[in-house]
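Visitor: Fold the following for me, if possible:
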Amino acid sequence: MRLERVVIEGFGPLTAMEAVFEPKRLNLVIGPNESGKSSFAAAVVSTLFGIASHESESLARPWNGARHAASVTFRAVNDRYRVTRRFDTHDVDVVRLGPEGDESVETLFHGSANPRGRSSELERYEEFLRGWFGFTDERLFRESAFVHENALETEVSPELRHLVSGAVEADYQEIQRALLARLDVLTKEHPDPRSRKRANRSIESRLARLDVLRTRRARAEVVLSEVKTRTKEREELDSRMLELRADLAGKEQLLADLDAWVSLREEQRKLLKRAPAVGSELVNARRARNSVEEIDRRIGQSLGYLANAPEEVEPDLVRLAMLRTQRARHQKAAEAERAKLDGTRPVSRVVTMGITILLAALAAGVTYGIWRQVGLAAGAMALGAVLGFVISRVFGQSTERARVMAEAQAKLVEENIRTISHEIDQIEIRVNPFLAGRTLEVVLADVKQFRAANQERREHAAVMHSLPMPDRLETEAREIDEAVASLRSKEKLLLQQSPFLAPFKEDPLKIAEASDRLKREATALRTRFDSAQEALDGVVRRGGPDGDAENLEALDEAIAVEDDSIRREMKHRDALLVALEGLREAVREYQGQHVGRIAEKAGATLSRITNGRYGSVAMDGEFNATLAMGGRGAIGIDSLSRGARDAFYLALRAALSQELAAREPLPLLLDDPIAHLDEDRRGALLAFLEDLAGEVQVILFTHDRRALGQIREAHVVALGALPPAGKGAGSKGNGEIPSRVEVRK
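Guide: Presented below is the predicted three-dimensional model:
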């Protein structure tokens, strides 16, 4: 895989940036601090693999608000591709380009590829990554070919070791996975104790089933031995219960017959008790009906003319008699008032004058006789005359008032007579059809007699209505006779079936005693039956359910089958464990060969960078390295200085890249790896990278301008201002650009 073009629309401090790289030359990206070199390298990796965390995505957002996107054009697997990613939406476009230019031939993928999630689109995109890199995890790229911000130190993970080992180890891994999958089906045990499963597999499940079958067989043997004993006890109890059930049924039948007989006798008694009542009701009903007929005949003979008389006739007749009496009385009172009026006369003037003169003379005489004075006598005479006039006048007015009152009373009586006469006329009009020449007293007597007869008829009719009709009573009497005959027939049949009842026929006391005795005997039998039933239930409970008594032959056959299957699966498991162990030994041997080759390449590179200070590198199967220096023994990596460690890890990464190049060469992105190297080692490193660029693409990011004077031939991408080109490659470390260095800003 070799990068051709990187276009960054916005990523951190970078905006609208485009860079072109050479596939077979050292690519040097140089610029001052904070010019965006590390952001550029991160943009390339993030465009291909995505941003794995929210924090990193937040830090990578464009500072000036530009569109957060980038594209990378590269050649891989004999084809050219362009990957464009929008970091804010995680939308990715993958297109295949023609052999030259930027013309798109085919769109291979368009969708969301967010590495923080899991979707079908992401899985499709990861297939492309696997074809280009051999892996999909950015971490493996950082462990091998990508140095970010001078982080040269790396650890070779098992996944990276498998990639380095190549197709043979991949086959080993495939075989190992198949063997482990088969082993996982057979048992939960695992060669690695940390990978031991929790859930049972086939062997453990079969062992558990075998234990269950053996437990069931042992239990079945115990149950079968108990079943025989329990069966015998059950047979004895069943026989006893049958006898008790028969005795109880006999007693209950006798008790039922006795109850039925008593019920028949009781029904006969009720029917016979009802018969006299029916006869009495029949006599009363007939008597009431005859009385009603007699009353109807009598009314029809003498009182028929009142049959259609309304209810108001009798009150009208009574009212008519009362009004006639009142009119006669008022007529007599009117005649008396007229006679009294005729006897009353008004006071005449002569009488008035006489009374006046008499009282005047009397008053004058008495006064003169007492005082003997003429004047007083004259005054007394005048006063007597006035008094006499007043008395006569008052008397005359009283007589006149009495006469007026008498006339008014006479007029009132006459008015009452007229009113009563008018009402009498109206009543006579209403009752005249019923009088028909009869006197009022006779009609009133007939009306009273008619009302009394009607009242008597209603009473007899009420009696008739309160009782059933005579026909119904006669029918009921016949039914009672028939029911009594039927009950007596049933009683006779019952006595024939149960002679036990014959002695109790006429003795109710003996019947009650026999019923109580039968109930006590039945209760005792029922108690004994319940005791036997409880004993039988106890036998059943003591032995457990009959379902536990399984077929021993079937259990033995099942145990034999499980035992044979377990032996076969255990042999298979043991064979798989042996195969896995042999495979692991072969893998370790094969990895040892690759580790030795990587250690050899890393040692050669380290010796070149350090000018032969460190002669060789030794690594175990876990890539734990030691260095050999002169005549001294093995030196651990932790004992080295920072510059020496950087040189070692750079040599290791170069060796890994060379090993990976056997499958698909990956670009080596180095972000400022020379920061801790002196001038000599820096020059040696740059010379090595120029030679390595023929095998794998090398992109070196640095801020150190002195690197320009130490390179022989390179493609330079400048981020910021650079010094003018020099006159050749002879000046070292002076910051001048050799003539064979191509600079592109």
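Visitor: so where do the strands sit in the stretch 51-200 of the chain?
Guide: Counting by DSSP state E, counting those that start in this stretch, the stretch 51-200 of the chain has strands at residues 69-76, 79-86, 91-97, 104-112, 146-147.
Visitor: Just say which of those strands is most tucked in.
Guide: strand 146-147 (a mean of 24; mean count of other CB atoms under 10 Å). For glycine as for every other residue, the C-beta is placed from the backbone atoms N, C-alpha and C.
Visitor: And the strands of the stretch 51-200 of the chain: which comes nearest residue 334?
Guide: Residue 334 lies closest to strand 104-112 among those, at 132.4 Å (CB to CB).
Visitor: re earlier: mind putting the strands of the stretch 51-200 of the chain into CSV with distance to residue 665 and mean pLDDT?
Guide: Output for the strands of the stretch 51-200 of the chain, formatted as CSV (distance: least, CB to CB, whole Å; pLDDT from 0 to 100):
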stretch, distance to residue 665, mean pLDDT
strand 69-76, 9, 94
strand 79-86, 15, 95
strand 91-97, 19, 95
strand 104-112, 21, 93
strand 146-147, 14, 84
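Visitor: Between these, which one is closest to residue 709.
Guide: Among the strands of the stretch 51-200 of the chain, strand 146-147 comes nearest to residue 709, with 22.6 Å by CB to CB.
Visitor: what helices or strands is that closest one leaning on?
Guide: In terms of contacts (3 or more CB pairs under 8 Å, 6 or more residues apart in numbering; DSSP states H and E), strand 146-147 is packed against strand 668-671.
Visitor: Past the strand it packs on, which element shows up next along the chain?
Guide: Note on strand 668-671: by DSSP states H and E, the next helix or strand toward the C-terminus is helix 679-692.
Visitor: What is that following helix packed up against?
Guide: Against helix 679-692 (3+ CB pairs under 8 Å, 6+ apart) you get strand 26-30, helix 552-609, helix 642-660, strand 698-702.
Visitor: and with 10 Å instead?
Guide: Under the contact criterion of 3 or more CB pairs under 10 Å, 6 or more residues apart in numbering; DSSP states H and E, helix 679-692 touches strand 26-30, helix 552-609, helix 642-660, strand 668-671, strand 698-702, strand 714-718.
Visitor: Can you mark which positions in it are buried?
Guide: 681-690, 692 (16 or more other CB atoms under 10 Å).
Visitor: Which of these sits closest to residue 565?
Guide: Distance to residue 565, by CB to CB, is smallest for residue 692 among the buried residues of helix 679-692, at 59.5 Å.
Visitor: hang on, the closest one packs against residue 698?
Guide: Yes - counting by CB atoms under 10 Å, residue 692 touches residue 698, with 5.8 Å between them.
Visitor: Next, show the common contact partners of those two.
Guide: By the contact definition CB atoms under 10 Å, 6 or more residues apart in numbering, residue 692 and residue 698 are jointly contacted by 26, 654, 657, 668.
Visitor: Closest one of those to residue 394?
Guide: Closest approach between the shared contacts of residue 692 and residue 698 and residue 394, by CB to CB: residue 668, at 167.1 Å.
Visitor: Tell me who's in contact with the closest one.
Guide: Contacts for residue 668 were tallied using CB under 10 Å, 6+ apart; they are 27, 144-147, 650, 653-654, 656-658, 660-661, 689, 692-693, 695-700.
Visitor: low pLDDT regions in the stretch 151-300 of the chain?
Guide: 163-173, 191-197, 300 (pLDDT under 70).
Visitor: for the helix or strand encompassing residue 388, what is the average pLDDT?
Guide: Using DSSP H and E, residue 388 sits in helix 374-435. For helix 374-435, mean pLDDT rounds to 76.
Visitor: Show me what it is packed against.
Guide: In terms of contacts (3+ CB pairs under 10 Å, 6+ apart), helix 374-435 is packed against helix 313-342, helix 349-371, helix 440-466.
Visitor: Nearest to residue 227, out of these?
Guide: Among the helices and strands packed on helix 374-435, helix 440-466 sits nearest to residue 227 (CB to CB), with 77.1 Å.
Visitor: The residue nearest to residue 89 when sequence neighbours are not counted: what's it in contact with?
Guide: Spatial nearest neighbour of residue 89, chain neighbours left out: residue 112 (7.1 Å); criterion: CB to CB, 6 or more residues apart in numbering. By CB under 10 Å, 6+ apart, the contact list for residue 112 reads 86, 89-92, 119, 121-122, 125.
Visitor: Any buried residues in stretch 45-59, and which?
Guide: Result for stretch 45-59 [16+ other CB under 10 Å]: buried residues 45-51, 57.
Visitor: Who is the residue nearest to residue 89 paired with across the strands?
Guide: residue 91 (DSSP bridges).
Visitor: what's the distance between it and residue 120?
Guide: Using CB to CB, to the nearest Å, one gets 10 Å for the distance from residue 112 to residue 120.
Visitor: any chance of the strands of the stretch 51-200 of the chain in a markdown table, with distance to residue 13 too?
Guide: Formatted as a markdown table, the strands of the stretch 51-200 of the chain follow (distance: least, CB to CB, whole Å):
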| stretch | distance to residue 13 |
| --- | --- |
| strand 69-76 | 13 |
| strand 79-86 | 18 |
| strand 91-97 | 23 |
| strand 104-112 | 27 |
| strand 146-147 | 20 |
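Visitor: To residue 380, which of these lies closest?
Guide: Of all these, strand 104-112 sits nearest to residue 380, with 155.9 Å by CB to CB.
Visitor: how near is residue 117 to residue 90?
Guide: Between residue 117 and residue 90 the distance is 8 Å, computed by CB to CB.
Visitor: Comparing those two, which residue is more hemmed in?
Guide: residue 90 (19 against 10; other CB atoms under 10 Å).
Visitor: so who does the more buried one touch?
Guide: So residue 90 contacts 50-51, 57, 111-117, 121-122 (CB under 10 Å, 6+ apart).
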